[in-house]
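**Student:** Provide a 3D model corresponding to the input given below.
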Amino acid sequence: LCSALPSGVWCFSELFFLREPQDVTVSRKDSVVLDCQARGEAPITVTWLKNGGKVPENERIYVLSNGSLYISEVEGRKGEPSDEGFYQCLALNKHGAILSQKSHLTIASISAFEVQPLSAEVQEGGVARFACKITASPPAVITWEVNRTALPLVMDRVTALPTGVLQIYGVEQRDAGSYRCVATTIANRRRSAEAVLSVLPASDLKPFHKPAIIAGPQNVTASLHQTVVLECVATGNPKPIISWSRLDHKSIDVFNTRVLGNGNLMISDVKVQHAGVYVCRATIPGTRNFTVAMATLTVLAPPSFVEWPESLTRPRAGTARFACQAEGIPAPKISWLKNGRRIHSNGRIKMYNSKLVINQIIPEDDAIYQCMAENSQGSILSRARLTVVMSEDRPSAPYNVHAETMSSSAILLAWERPLYNSDKVIAYSVHYMKAEGLNNEEYQVVIGNDTTHYIIDDLEPASNYTFYIVAYMPLGASQMSDHVTQHTLEDVPLRAPEISLTSRSPTDILISWLPIPAKYRRGQVVLYRLSFRLSTESKIQVLELPGTSDEYLLEGLRPDSVYLVRITAATRIGWGEASLWTSHRTPKATSVKAPKSPELRLEPMNCTTITVQWQQDSEETAAIQGYKLYYKEEGQQENGPILLDAGDLEYTVSGLDPRRKYHVRLLAYNSMEEGYQADQTVSTPGCVSVRDRMVPPPPPPHHLYAKANTSSSIYLHWGKPAFTSAQVVNYTIRCNPVGLQNASLVLYLQTSETHMLVQGLEPKTMYEFAVRLHVDQLSSPWSPVVYHTTLPEAPSGPPVGVKVTLIEDDTALVSWKPPDGPETVVTRYTILYASRKSWIAGEWQVLHREGAMTMALLENLVAGNVYLVKIAASNEVGEGPFSNAVELAVLPKETSESNQRPKRLDSGDSSAYSDYYHLDQKSMTGIVVGVCIALTCILICILILIYRSKARKTSAPKPVQQSTDQLSHTSISLASANEVGKSIEGIAENEESLLPMIVGNSFIDAKGGSDLIINSYGPVTKASCKKRWLFFQDTKRVKTEEPQRRFAQAVCLYQPGTAVLLGEDDSPSSPGQQATFQVPFSAVADTEHSANSEGSHETGDSGRFSHESNDEIHLSAGAGDSPPSATAFVGRDVGTEGVNPALSNCKERPAPRAAGQPPPSPLQGQPAAHD
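**Tutor:** Okay, the predicted model is just below:
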């Protein structure tokens, strides 16, 4: 046989019998062979047992090489040792042992005749019947002789039944003679006494005679496959007809049934279905006159298995359950064998009906188990193997176990952790049982691995207990620790003795009592205290008697008086509770001799019934007419009298309550007066518990349901088993994470309810749960395991990286990142935003977004307000904290377009722009890459334009050439600058190339007027070196550029770390302006976690450039000598990275300036102020 295990495949060679011994009957001095051939893994040793004991081998009895037992000469004389008995062979190999079925060896014998034939006189034509009966082994064969010669059976009139009955129909004169039966067996032959058959002449007149059955069928019990004969002999005139039927109206089996003679029913090869009540009916032909006789056929059947035990593989400290059911008639008795030896229920091993349960399996339990079913017809056995698997890395046994008595019911047990693999121990089990007596119950307590001591506090006082410890790990358990025995202290008695009161004379009372049962004695009784008084007096007299006494005679009492008596017992610890007062009336002092009190004995039959037995004194001379019986529950009214006859010596009182004390008194009476009474008390026991009935353990709880309650708790609910009527004591819940690694995470919880909230669990962790039921010190198996995961923990922190960006006049984009922490689960974000006024009033607007989104649009913002925005993450468990409030300033609306405001998008662009901000980060990355490619193309185009402008220098007029040279010089000076510098130089050169040919400084105005040029900053003074670019220093002041500053010097003012402000001219172009070159490179307003931005609060510009945004650059060039219009720019900090060192060290050249005029300021990163 092989068993698949997680650690591999375990196999063993099955041990079985090829041939088993059979029942055999032999004659004395004959030889006999009892077969026994076993197969399995060699070597196999065969031994023989007789009546449970080993058969001694000698020259006459020995075992053959094939395992059979040979007896050369069977002995069996009376008074001498006999070979007769039940034999079994035991086959043993390294895996275990098996026992064969029983073989009954019987020595052939025959007894004397139990029934012999009797002489009879029969009228001619009548029916003669002779019978004989004898017991023999094997059954005797009975034949008949007439006049000492064999009776011929060829005549139809003569029938000899196998049961020893001879029937002769239509008797004739020649049938007269001496008849006897001969019983023959293999051992002997016996002849019965002779019976004479006399034949009387028949009467000429044959009157009508009703049918009568003179020999009807008898109840018979037969074994399977035997032959049964049901006799039926009837007389009548006319001759009756005999018929057979079944009382249950089933048809009679015609294949195995036939009629012998004139109406005898014979059933051969009897089977169980033949059992029943058979009816013989004798009917006068043509009439309704009939008579019947009935008999019951009982068929006995040997045992046969309905359910066989199956081989099991169990880990150390597990539980094995073998089931076995057999049927037969009578019902077979089930017993269990381990390696051929009978198992007795005790401690870990229990037998419930036909089941064998082995708890706390140990290596010694690895064996072959057999279920033996036997009845009077034979025995059969079925085998199963229990394989105990030992984990390789299982812990060693706990050691240094010691016990210390704490009280009369508590013992402290302590131990040391296992020396090997102690870190893998998840729990300990403490096992204990009474050390004295048989069939003691073993109890188990499971505790966690965080302690090495435990107090067992449900012990009986003054009792010895045996303890041992087992350590558990996920894959198995350790061996048992060493056993220790400890004695509990004594305690005061729980009960008082039950007393009996009788009177021998009118002036005495004999008080007797029985010892207190050990369960209630709780120690050694050292003293008894008797208290008594007259019922009419309050004075109590007290007597103390030694603990060895069991009776005391109170003398000198008043006749015909009621006395109250009670008793108390004491141990060395102290006195127990006293019994209630028991009343007794002393007899009257009279000359009439009253019946003496009977000797009374009370015995509980069960928890509700008491048997009252009594015996009258043999020296009683007074006449007794009867008895009067009274009884009452202690403290209740008396019931009775119950009148009993003088011959009655027993009476049963029923309908009582369990665990109650009852007082019974009995007295005899006659016609003169009542006799002396006998009083006695008795306690009814508790009703038989589930454990006492030895029924299987209760089924486990069902419908176990788990539901996550919080991130650290799960709610469990289960149902009580439907077919358990016993009172539930409590439930045990086992809880541990799936794939347990840490032993301390196993929880064992107790509750008396069918639900429980398991707390203290880890968030977002799958746990497995199982529940078991405890009923009257029996525990059910664990319920099927259910799995459930705790909820995730509520976010502990706010979203990070919260950023609010104004993308339209009334719309802002909010972006964020999930809260920190890899285990944080977010299912929803809550965005709160409000203006300052609403915030002061506590009015927030709320937006919700799914946990997968990290952006949201804030729409319908009111211009001119500053908004506060904060975000919180939440999941199904709860909501996390809000982030710090982020401020956003919304631009105020004005009647005219401001040159500092970003370009408004039309409705189509707005929709596209809104869709853009809903893209994820991967799409944004693609857009940025596209913009970079576009910028690269623009730079290439600018370089091409610069190259073309150089080609035009040679053919251009002188004034223009000088200006061009000037710009070319600037371009050359910036040739080594960074890409920004290159872009500016290219743009300037390109614009110059697009100007018309204008001579000198003349100003052309088709409509006349002066050559004064006025822009939004005031009049522009002509200068020989005109500035091509204007840079604004302050958003709050208007400053006129100095005519002495050169354009090249202005360009040199670009330095790393400064802010370059680029913008578009929203004012009308000058008349001489020919073209406007636009480059989309503009930043939108950006605010990050701060309400104090560096830019203007009016524009909402932070003064920084965001790499995630686009700006629009509009470059305008003026015509001729006129300077370009004042242009506003929105810029960013460029920084030093990527800047040519030549530019970073470039210093502004000094230029002539008017007296009192302040020196020009370096370029600053401040946005221009609105006009």
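**Student:** who's Tyr627 bridged to?
**Tutor:** Leu644, Ala668 (DSSP bridges).
**Student:** contacting residues around it?
**Tutor:** 598, 614, 643-646, 648, 666-669 (Cβ atoms under 8 Å, 6 or more residues apart in numbering). The C-beta positions use only the backbone N, C-alpha and C, and glycine is treated the same way.
**Student:** can I get those residues in a markdown table including pLDDT?
**Tutor:** Below are these laid out as a markdown table (pLDDT from 0 to 100):
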| residue | pLDDT |
| --- | --- |
| Pro598 | 85 |
| Trp614 | 88 |
| Leu643 | 88 |
| Leu644 | 88 |
| Asp645 | 88 |
| Ala646 | 84 |
| Asp648 | 87 |
| Leu666 | 88 |
| Leu667 | 85 |
| Ala668 | 86 |
| Tyr669 | 85 |
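**Student:** now, of those, which are buried?
**Tutor:** For the contacts of Tyr627, a burial check counting by 16 or more other Cβ atoms under 10 Å picks out 598, 614, 644, 666-669.
**Student:** and the nearest residue to His104 once chain neighbours are set aside, how close does it get to Trp336?
**Tutor:** Excluding its sequence neighbours, the residue lying closest to His104 (Cβ to Cβ, 6 or more residues apart in numbering) is Asp23, at 4.5 Å. Separation of Asp23 from Trp336 (Cβ to Cβ, to the nearest Å): 23 Å.
**Student:** same deal with Lys250?
**Tutor:** In terms of Cβ to Cβ, Lys250 sits 38 Å off from Trp336.
**Student:** before we move on, what about Met351?
**Tutor:** 6 Å.
**Student:** mutual contacts of those two, please.
**Tutor:** Ile343.
**Student:** neighbour count for these two, which is higher?
**Tutor:** Trp336 (22 against 17; other Cβ atoms under 10 Å).
**Student:** which residues does that one form beta bridges with?
**Tutor:** With DSSP bridges as the rule, Trp336 is bridged to Cys371.
**Student:** how about Gln37?
**Tutor:** Judged by DSSP bridges, the bridge partners of Gln37 are Arg19.
**Student:** roughly how far does it sit from Gly67?
**Tutor:** Distance from Gln37 to Gly67, by Cβ to Cβ: 6 Å.
**Student:** more crowded one of these two?
**Tutor:** Neighbours per residue, other Cβ under 10 Å: of Gln37 and Gly67, the larger number sits with Gly67, 22 against 18.
**Student:** quick check: closest non-adjacent residue to that one.
**Tutor:** Using Cβ to Cβ, 6+ apart, the closest residue to Gly67 is Val46 (3.8 Å).
**Student:** what's the helix or strand for that neighbour?
**Tutor:** strand 45-50 (DSSP states H and E).
**Student:** and that strand, which strands flank it?
**Tutor:** strand 53-54 (antiparallel), strand 85-93 (antiparallel).
**Student:** so which of those is the most packed in?
**Tutor:** strand 85-93 (a mean of 21; mean count of other Cβ atoms under 10 Å).
**Student:** average model confidence for it?
**Tutor:** Taken as a whole, strand 85-93 carries a mean pLDDT of 91.
**Student:** would you list the contacts of Tyr627 in a markdown table and tack on distance to Arg533?
**Tutor:** Below are the contacts of Tyr627 laid out as a markdown table (distance: Cβ to Cβ, whole Å):
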| residue | distance to Arg533 |
| --- | --- |
| Pro598 | 26 |
| Trp614 | 28 |
| Leu643 | 32 |
| Leu644 | 32 |
| Asp645 | 36 |
| Ala646 | 35 |
| Asp648 | 34 |
| Leu666 | 24 |
| Leu667 | 22 |
| Ala668 | 27 |
| Tyr669 | 28 |
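**Student:** can you map out the strands along the stretch 451-600 of the chain?
**Tutor:** Per DSSP state E, counting those that start in this stretch, the stretch 451-600 of the chain carries strands over the ranges 453-456, 464-473, 476-477, 484-487, 499-502, 509-513, 527-534, 541-546, 551-554, 562-570, 582-585, 599-606.
**Student:** check which residues of the following helix or strand past the last one are buried.
**Tutor:** Sequence order places strand 609-615 as the next helix or strand after strand 599-606, per DSSP H and E. In terms of neighbour count (16+ other Cβ under 10 Å), strand 609-615 has its buried residues at 610-612, 614.
**Student:** and of those, the nearest to Arg281?
**Tutor:** Closest to Arg281 out of these is Thr611 (47.2 Å), distances taken as Cβ to Cβ.
**Student:** my read is that the closest one contacts Glu603, right?
**Tutor:** Yes. Assessed by Cβ atoms under 8 Å, Thr611 is found in contact with Glu603 at 4.8 Å.
**Student:** give the rounded mean pLDDT of the helix or strand encompassing Gln680.
**Tutor:** Using DSSP H and E, Gln680 sits in strand 674-683. For strand 674-683, the mean pLDDT works out to 84.
**Student:** distance from that strand to the middle of the chain?
**Tutor:** 56 Å (Cα atoms, centre = their mean, to the nearest Å).
**Student:** equivalent analysis for stretch 432-442, please.
**Tutor:** 29 Å.
**Student:** quick one: contacts of that stretch?
**Tutor:** Against stretch 432-442 from outside (Cβ under 8 Å, 6+ apart): 344-348, 359-360, 431, 443, 456, 459-460, 463-468, 485, 691, 777.
**Student:** cool, and stretch 76-87?
**Tutor:** 21, 28, 34, 48-51, 55, 61, 69, 71, 74-75, 102-107.
**Student:** taking those residues, please make a ChimeraX selection of just the buried ones.
**Tutor:** Buried members of the contacts of stretch 76-87, defined by 16+ other Cβ under 10 Å, are picked up in ChimeraX with:
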select :21,28,34,48,49,50,55,61,69,71,74,102,103,105,107
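**Student:** inside strands: which ones of the contacts of stretch 76-87?
**Tutor:** Mapping these onto strands (DSSP state E) picks out 34, 48-50, 61, 69, 71, 103-107.
**Student:** looking at the residues you listed, which is nearest Thr291?
**Tutor:** Thr106 (41.9 Å).
**Student:** what's the closest non-adjacent residue to Ala384?
**Tutor:** Using Cβ to Cβ, 6+ apart, the nearest residue to Ala384 is Pro309, at 3.8 Å.
**Student:** host element of the one you found?
**Tutor:** Counting by DSSP H and E, Pro309 is part of no helix or strand.
**Student:** tell me the contacts of Lys271?
**Tutor:** Neighbours of Lys271 in contact, by Cβ under 8 Å, 6+ apart: 224-225, 256, 299.
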